[in-house]
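A.B. asks: quick one: sequence and predicted model below, then my questions.
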Amino acid sequence: MSAADEPVIGSLVTYHGSLTDHWGPGYLLLPDLAHEGRYVLADPGTGRELAAVRPGSFTASAERWWPADTVLFNVAGYWYQASHSEPGGSDRARIVRYFTQPGAMGGVWCSFPEKTPEIRALDARRLP
């Protein structure tokens with residue numbers, strides 16, 4: 001499976017999994033760090049969250065909603081459309097800022113073994 005086939009964190013998705021009372025659109029896709037390979041779906045209106053959601057239980061919007069100049073970036077197996085990075089506490093740590101479909105910006109802390117081309121591109125865009 002390629003990065004293009006993977007859901008992008010920050011996307012709005014429609015839930016159609018086993019919890020039929022929660023079916024519907026408008027959930028924000030977030031990583032579930034407690035359950036590898038699963039996701040959290042957050043309802044921005046109510047704050048309600050569904051945890052440990054399998055990728056087959058939701059459908060992300062097919063539209064390309066993020067700005068064209070973002071950097072596709074993987075943190076712990078989850079794909080983000082990143083804007084820039086900020087210092088994360090050491091030479092190998094960063095806070096990667098990413099876009100969300102509702103128009104907000106999120107942040108995820110990451111550590112990496114070496115500076116990849118993606119990290120260099122994000123570092124070059126650090127905001128003051």
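C.D. replies: That came through fine.

A.B. asks: residue 71 pairs with what?
C.D. replies: residue 82 (DSSP bridges).

A.B. asks: now stretch 105-121: mean pLDDT?
C.D. replies: For stretch 105-121, the mean pLDDT works out to 87.

A.B. asks: which residues touch that stretch?
C.D. replies: Stretch 105-121 has contacts (Cβ atoms under 8 Å, 6 or more residues apart in numbering) with 9-10, 30-31, 71-73, 75-76, 80, 82-83, 85-86, 88, 90, 92-100, 123. (C-beta placed from N, C-alpha, C; glycine too.)

A.B. asks: kindly recompute the last result at 10 Å.
C.D. replies: Stretch 105-121 is contacted from outside by 9-10, 28, 30-31, 33, 69-76, 78, 80, 82-86, 88-100, 122-123, using Cβ atoms under 10 Å, 6 or more residues apart in numbering.

A.B. asks: then stretch 45-63?
C.D. replies: 1, 5-8, 10-19, 22-23, 25-30, 32, 34-35, 37-43, 101.

A.B. asks: just the buried positions in it, please.
C.D. replies: 50, 53, 57-58, 60 (16 or more other Cβ atoms under 10 Å).

A.B. asks: show me those residues that map onto strands.
C.D. replies: Within the buried residues of stretch 45-63, residues falling in strands by DSSP state E are 50, 53, 58, 60.

A.B. asks: where along this structure do the strands fall?
C.D. replies: So, for the chain - with DSSP E - the strands run 12-15, 24-31, 39-42, 49-53, 58-60, 71-75, 78-87, 93-99, 105-111.

A.B. asks: using JSON lines, lay out those together with distance to residue 118.
C.D. replies: Listed next are these as JSON lines, based on distance: least, Cβ to Cβ, whole Å:
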{"stretch": "strand 12-15", "distance to residue 118": "24"}
{"stretch": "strand 24-31", "distance to residue 118": "17"}
{"stretch": "strand 39-42", "distance to residue 118": "22"}
{"stretch": "strand 49-53", "distance to residue 118": "26"}
{"stretch": "strand 58-60", "distance to residue 118": "21"}
{"stretch": "strand 71-75", "distance to residue 118": "5"}
{"stretch": "strand 78-87", "distance to residue 118": "8"}
{"stretch": "strand 93-99", "distance to residue 118": "9"}
{"stretch": "strand 105-111", "distance to residue 118": "11"}
